[in-house]
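Novice: Need coordinates for the below:
(chains A and B)
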Amino acid sequence: MPKDGQTMLQLTQDQDIILHKVQPGDTLSKILFHYHGKQDLNKLQGLVAESMTANPFIKNPDLIYPGQLIQVPVPATYTTPPLVAMNVPALKLNDSSCLGAVCKNWNQATVEERTLMPGLIELSLMGSAAVAEASDKWLTTNSNLIGQIPSEYEKYKTGKITKGQYDYARKKIITQLEQNLKSATGLYTDGKNSREVLRVSRTKGRAPTADIKAAASKLGSYGKAATKAGYVLSAVSLGVTCHDIAKETDPKTQSVLLVEGITGVMSSTMLGYGTGMALLMLATPVGWVAALGIGVAIGLTSFAASKVVGAIYEEFGSGNFAEITKVSSACSAIFSQKSKTDINKRLISNNLESVL
Amino acid sequence: MITNETLFDILMVMLCFTAILGVTTWLAIVGLSLYFRKLDATLLKSPYFNEAEQQNYKEFPLSLYKTMIYIHLFSFRKMTGKRFNGATIEYPGKDVSIASYITATMGLLLLTTGAITFSLMIYLYFQI
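Specialist: Residues are numbered from 1 along each chain as shown, chains lettered A, B, ... in the order given. This next block holds a predicted model:
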């Protein structure tokens, strides 16, 4: 339940709400234009008021800060771009800034789960405090050992022990301290030494380079798979274009992407056939190196051609080519996924109590 | 007088047509390459192909180049140059011959429309 004096946005059936991360230069009006397109002044003012109700921390619609997560009311028909389009950082498990189980699930988390993240900042601070406390504990438990170094030095200076005895004692203390510290490094390296990843095997009856060979063999199989993937390269490139179109909201950019994709297909098929014909008429034998060179040249030329046609479309193109050909809606249908969660559960203000 | 806007419209039509034709042509070549594998025993050998070619042309993507050679052998034979000069080749059948003619014609059409599209592309680019 909202606290006293706090209003809550009531969504109608034809409304939905999405989370938007504020980018540098954003204003509330600019963000609303992005999702709603051009609106008359009254409608825009209504949308601004709704947005400010959904985000009570916004006092001035022109004063929002990069990195802020705000809730934006959108038409129910608005299709959310796929999660990858939200520029969510992919966190690595061994990243020192990672929070263990949280990071493990971060990339699979739903938008709602990610909104809980601000509440976990305190936990992260507590985690840092725990690390500091662990360091302090380490210093405390090893203080006697650390104190032995100046003590041994004093003995040497006063002539109670020789230089050799002092060096031996010092080396022994440092080795012991290193041993004690190693148990703490497990906190940062997930219990593994980085050298373990590509180490020389010392196991009896096993070739010293066996592990490295296994890794190389794995790479080789990936290479073979990549060669076979040549059959579907065109389909993949079309898929990538379709994905980019689905992710893009500006109709003009969608059309440019589509035109570039079509040009890429046209150029590569035509140049590939043309090269084949030229070689055929010359009856020239073709080896793998030549084939690779030709492939790279065709790829680069196709890329250049697609950029040229993209520039031509931006200059002369009018109308929404991606929409006329129904490609943008088809790609959106393929790549977009809408959350099935009840819209009212997606409001942070409705979930505050469970977070705090 | 043809305006740049008209040329742009022509370019878009040519672009789409050539892209569709290109994909269709290559699909036909891939389809025929599956059938032509059984002809390797009689055609992919000396003196038509040297030893390196006999090895290389069995694998993708050079197998597609070999398919192009066979297609032209069964349709516009003169285009294969001196590779099969004076050779007596047993033709696999009327269906294969028709498929080869259609594919080779689509290929030639692809080259023609592709050349026109590229010319239009370059002309309009320099008008920007």
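
Novice: Going by C-alpha atoms from here, please, whenever you check contacts or count neighbours.
Specialist: Noted.

Novice: roughly how far apart are residue A:320 and chain B?
Specialist: For residue A:320, the distance to chain B (C-alpha to the nearest C-alpha, to the nearest Å) stands at 13 Å.

Novice: Could you verify my assumption that that residue touches residue A:251?
Specialist: Yes: assessed by C-alpha atoms under 8 Å, residue A:320 is found in contact with residue A:251 at 6.0 Å.

Novice: Residues contacting stretch A:250-257, please?
Specialist: Contact partners of stretch A:250-257, identified using C-alpha atoms under 8 Å, 6 or more residues apart in numbering or on different chains, comprise A:241, A:244, A:245, A:248, A:310, A:313, A:314, A:320, A:321, A:322, A:323, A:328.

Novice: got JSON lines for the residues you listed, with pLDDT, neighbour count and secondary structure too?
Specialist: Output for the contacts of stretch A:250-257, formatted as JSON lines (pLDDT from 0 to 100; neighbours: other C-alpha atoms under 10 Å in any protein chain shown; DSSP: H, G, I helix; E, B strand; the rest coil):
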{"residue": "A:241", "pLDDT": "75", "neighbour count": "20", "secondary structure": "helix"}
{"residue": "A:244", "pLDDT": "77", "neighbour count": "20", "secondary structure": "helix"}
{"residue": "A:245", "pLDDT": "78", "neighbour count": "26", "secondary structure": "helix"}
{"residue": "A:248", "pLDDT": "76", "neighbour count": "18", "secondary structure": "coil"}
{"residue": "A:310", "pLDDT": "88", "neighbour count": "22", "secondary structure": "helix"}
{"residue": "A:313", "pLDDT": "89", "neighbour count": "23", "secondary structure": "helix"}
{"residue": "A:314", "pLDDT": "86", "neighbour count": "14", "secondary structure": "helix"}
{"residue": "A:320", "pLDDT": "80", "neighbour count": "17", "secondary structure": "coil"}
{"residue": "A:321", "pLDDT": "82", "neighbour count": "20", "secondary structure": "helix"}
{"residue": "A:322", "pLDDT": "80", "neighbour count": "22", "secondary structure": "helix"}
{"residue": "A:323", "pLDDT": "79", "neighbour count": "15", "secondary structure": "helix"}
{"residue": "A:328", "pLDDT": "77", "neighbour count": "26", "secondary structure": "helix"}
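
Novice: Spatially nearest residue to residue A:61 (excluding sequence neighbours)?
Specialist: residue A:28 (5.3 Å; C-alpha to C-alpha, 6 or more residues apart in numbering or on different chains).

Novice: Look up how far chain B lies from that neighbour.
Specialist: Counting by C-alpha to the nearest C-alpha, the gap from residue A:28 to chain B is 36 Å.

Novice: Who are the contact partners of that residue?
Specialist: Counted by C-alpha under 8 Å, 6+ apart, residue A:28 has contacts A:48, A:61, A:62, A:64.

Novice: Those, buried ones only, as a ChimeraX selection?
Specialist: The ChimeraX command for the buried members of the contacts of residue A:28 (criterion: 16 or more other C-alpha atoms under 10 Å in any protein chain shown) is given here:
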select /A:48,64
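
Novice: what two of the contacts of residue A:28 have the greatest distance between them?
Specialist: Greatest spatial distance among these (C-alpha to C-alpha): A:48 and A:64, at 12.7 Å.

Novice: which one is residue A:23 nearest to, not counting chain neighbours?
Specialist: Spatial nearest neighbour of residue A:23, chain neighbours left out: residue A:66 (4.8 Å); criterion: C-alpha to C-alpha, 6+ apart.

Novice: Tell me how many other residues crowd that neighbour.
Specialist: As a burial measure, residue A:66 scores 12 neighbours (other C-alpha atoms under 10 Å in any protein chain shown).

Novice: Backbone dihedrals for it, please?
Specialist: phi -50, psi 140 (degrees, to the nearest 10).

Novice: again with residue A:19
Specialist: When read as degrees, to the nearest 10, the backbone of residue A:19 gives phi -90, psi 130.

Novice: how close does it get to residue A:283?
Specialist: Residue A:19 sits at a distance of 61 Å from residue A:283 (criterion: C-alpha to C-alpha, to the nearest Å).

Novice: what's the closest non-adjacent residue to the residue in chain B positioned nearest to chain A?
Specialist: Taking C-alpha to the nearest C-alpha, chain A has its nearest neighbour within chain B at residue B:19, 4.0 Å off. Closest residue to residue B:19 apart from its sequence neighbours, by C-alpha to C-alpha, 6+ apart: residue A:266 at 4.0 Å.
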